[in-house]
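> Sequence and predicted structure, then a few things I'm wondering about:
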Amino acid sequence: MPELVQAVRPLLEDIAALSAAPLADIAQRLREALLPYLGSSALVIFTEDCTGRPQKKAGDEAIISRVSIAELDHIRASLPGRDSSDVELWQGHAVLGGEERPVLALSSPSNALLVLANPQPLPDPADKAEAQWVVRYLWKLAADRIREKVADAPPSYLIESRAASAERVRVTAELVDRHSTTLETLLAALRSPALGDEAARKSATDVAAKALVGLRTLNDRTTDLVEEPVATAFQRLRDDLRPLMNFSGIDVQFIEPPVNGRALPGEVAHAARAIVRGVVLAMVDQPKVRRIRTQWDCDGENLLINVRDDGLGELSAEAPNIARLVQRVEALDGRFSVDVMSGWGADVAVSLPLDPPARQLADVAEWKLGERELEVLQLLAAGQRNRAIAGKLHISENTVKFHLRNIFRKIGASSRTEAIALAHSNGLR
């Protein structure tokens, strides 16, 4: 027995460390746990459950800093049987971090993806089957843990995740704007009747058009990662509560949201499901509850949630399990109310805003900027290019340049970069 304990102790310690790892460290913990069975130069986890940071990475910085969502999507599409519930393993060559290299990839029932760059398996082939079993087990544990942590994320994580999602959308939109201009200019030139070689022009036009479509597809893909259709989000809630419907003896009713409702930011969708689950479980714990009804609606600006039971009206807003849900709602600048009628049940209403709160305007009065100049500076500080600023303010690019010259003079900046830095240091972002 002591020999057996000594043999399995390192694995048990790795399992414990992986189970307790925060989301920010889970990739590094998984890589360390895998090392006795499968080495690698870099490890990447790709999960759409975690909308704020869908990539979790550890290892060689030269690789992980260059990994793109498009590369990971392509690898996932190459996996055999990726639609099954099994943890599939695939090994071959794929582009990762901008270069083709040997990779090992594993899917998961939660649709998460694990990719290892330059995998280095155990030298002894006799141990290969056992090592692969452990690798699959550790990866499934990590994938399940990520899903659980996102579903039960604390308020601080929700705030950070929403900020990261918004920043990724902003950066992608900026790239699309910049490269679209280049490609559209190229297309205009190549389509010009003044050019002589028609075949060359057609070939180049096709290449440029394909690149433009690919770029816009990447933008749509990024948007998909941070948003979820309201009907899809509600269906996932039904799936989560199905076991309760089957075994509790309580009639859980669902009032469907409008199918054409506005898509939900990922953090709002995750939080909404967790909040409803928490409310329903709190209601189930009350005596004489026979029916619970949950309803979602969307007014274009807020996700509106209503959960009602037919119990004795004993649900308390001060109870610890309800207080934790209130904190989650407040982290997203939402509202939570409980209306209780003795003998008639409890009615819980939640409103979650779909957009992050507007930033408070910084005090930059000493710069003496005009109203339009301040609008241009705010968009500049947010990373917008001249063309995008012109489009948002419905002015010409020349007018934007005119305002920027005046702004640089008033705030004492000699360049665009310096103006952005000054704006950020004074609270404009």
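Looks like it came in fine.

> Could I get the contacting residues of Gly345?
Neighbouring residues of Gly345 by Cβ atoms under 8 Å, 6 or more residues apart in numbering: 289, 308-313. (Glycine included, C-beta is placed from N, CA and C.)

> closest to Thr417 among those?
The nearest member of the contacts of Gly345 to Thr417, counting by Cβ to Cβ, is Arg308 at 54.9 Å.

> For the closest one, grab phi and psi.
phi -130, psi 140 (degrees, to the nearest 10).

> Just grab the bridge partners of it for me.
Following DSSP bridges, Arg308 is listed with bridge partners Arg293, Asp347.

> Settle this for me: it is touching Asp347, isn't it.
Yes. Contact criterion Cβ atoms under 8 Å: Arg308 and Asp347 qualify, at 4.7 Å.

> Who has more neighbours out of those two?
Neighbours per residue (other Cβ atoms under 10 Å) separate Arg308 from Asp347, with Arg308 holding more: 20 against 17.

> Report pLDDT for Ala94.
For Ala94, the model assigns a pLDDT of 91.

> who does the helix or strand containing it pair up with?
Applying DSSP states H and E as the criterion places Ala94 in strand 89-96. Paired strands of strand 89-96, with direction, are strand 99-106 (antiparallel) (DSSP bridges).

> What's the first helix or strand after the partner strand?
From strand 99-106, the next helix or strand downstream (DSSP H and E) is strand 113-117.

> Which strands and helices lie in contact with that next one?
Applying 3 or more Cβ pairs under 8 Å, 6 or more residues apart in numbering; DSSP states H and E, we find strand 113-117 packed against strand 42-46, helix 69-78, strand 99-106, helix 128-151.

> want to try CSV for the ones you listed, with mean pLDDT, distance to Val280 and mean neighbour count as columns?
Shown next, in CSV, are these (pLDDT from 0 to 100; distance: least, Cβ to Cβ, whole Å; neighbours: other Cβ atoms under 10 Å):
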stretch, mean pLDDT, distance to Val280, mean neighbour count
strand 42-46, 92, 30, 25
helix 69-78, 84, 33, 16
strand 99-106, 92, 34, 18
helix 128-151, 83, 14, 18
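
> quick one on the thing from earlier: turn the contacts of Gly345 into JSON lines, columns for secondary structure and pLDDT.
Putting the contacts of Gly345 into JSON lines (DSSP: H, G, I helix; E, B strand; the rest coil; pLDDT from 0 to 100) gives the following:
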{"residue": "Val289", "secondary structure": "coil", "pLDDT": "87"}
{"residue": "Arg308", "secondary structure": "strand", "pLDDT": "92"}
{"residue": "Asp309", "secondary structure": "strand", "pLDDT": "91"}
{"residue": "Asp310", "secondary structure": "coil", "pLDDT": "89"}
{"residue": "Gly311", "secondary structure": "coil", "pLDDT": "87"}
{"residue": "Leu312", "secondary structure": "coil", "pLDDT": "87"}
{"residue": "Gly313", "secondary structure": "coil", "pLDDT": "83"}
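
> Looking at those residues, spot the one nearest Leu377.
Arg308 (48.3 Å).

> any chance of the helices and strands packed on strand 113-117 in TSV, plus distance to Met283?
Formatted as TSV, the helices and strands packed on strand 113-117 follow (distance: least, Cβ to Cβ, whole Å):
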stretch	distance to Met283
strand 42-46	35
helix 69-78	39
strand 99-106	39
helix 128-151	19
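
> among the ones you listed, which is nearest Leu304?
Going by Cβ to Cβ, the one of these nearest Leu304 is helix 128-151, 21.0 Å.

> what's in contact with that closest one?
With contacts defined as Cβ under 8 Å, 6+ apart, helix 128-151 is touched by 11, 14-15, 18-19, 21-23, 26, 29-30, 33-34, 37-38, 45, 47, 49-50, 56, 87, 89, 106, 108-110, 112, 114, 121-122, 270, 273-274.

> what's across from the closest residue to Gln91 other than its chain neighbours in the sheet?
Leaving aside its sequence neighbours, Gln91 sits nearest to Leu104 (Cβ to Cβ, 6 or more residues apart in numbering; 4.7 Å). Beta-bridge pairing of Leu104, defined through DSSP bridges, involves Gln91, Leu116.

> Tell me who's in contact with Leu104.
Shown in contact with Leu104 (Cβ under 8 Å, 6+ apart): 38, 40, 89-91, 115-116, 119.

> so where do the strands sit in this structure?
Assigned by DSSP state E, the strands in the chain fall at 38-39, 42-46, 55-59, 89-96, 99-106, 113-117, 120-121, 227-228, 251-255, 264-265, 291-298, 302-309, 335-341, 345-353.

> Format those strands as CSV; extra columns: distance to Glu397.
As requested, the strands of the chain are exported to CSV (distance: least, Cβ to Cβ, whole Å):
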stretch, distance to Glu397
strand 38-39, 53
strand 42-46, 38
strand 55-59, 35
strand 89-96, 36
strand 99-106, 37
strand 113-117, 41
strand 120-121, 53
strand 227-228, 30
strand 251-255, 49
strand 264-265, 31
strand 291-298, 36
strand 302-309, 36
strand 335-341, 42
strand 345-353, 33
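
> what about the closest residue in space to Leu404 that isn't next to it in sequence, how many neighbours?
Excluding the flanking residues, the one nearest Leu404 by Cβ to Cβ, 6+ apart is Val376, at 6.6 Å. Counted by other Cβ under 10 Å, the residues lying close to Val376 total 26.

> now the one 10 residues further on
Each residue near Asn386 was counted by other Cβ under 10 Å, and the total is 20.

> hmm, who's touching stretch 309-316?
For stretch 309-316, the external contacting residues (Cβ under 8 Å, 6+ apart) are 282-283, 286-293, 322, 338, 340-346, 348.
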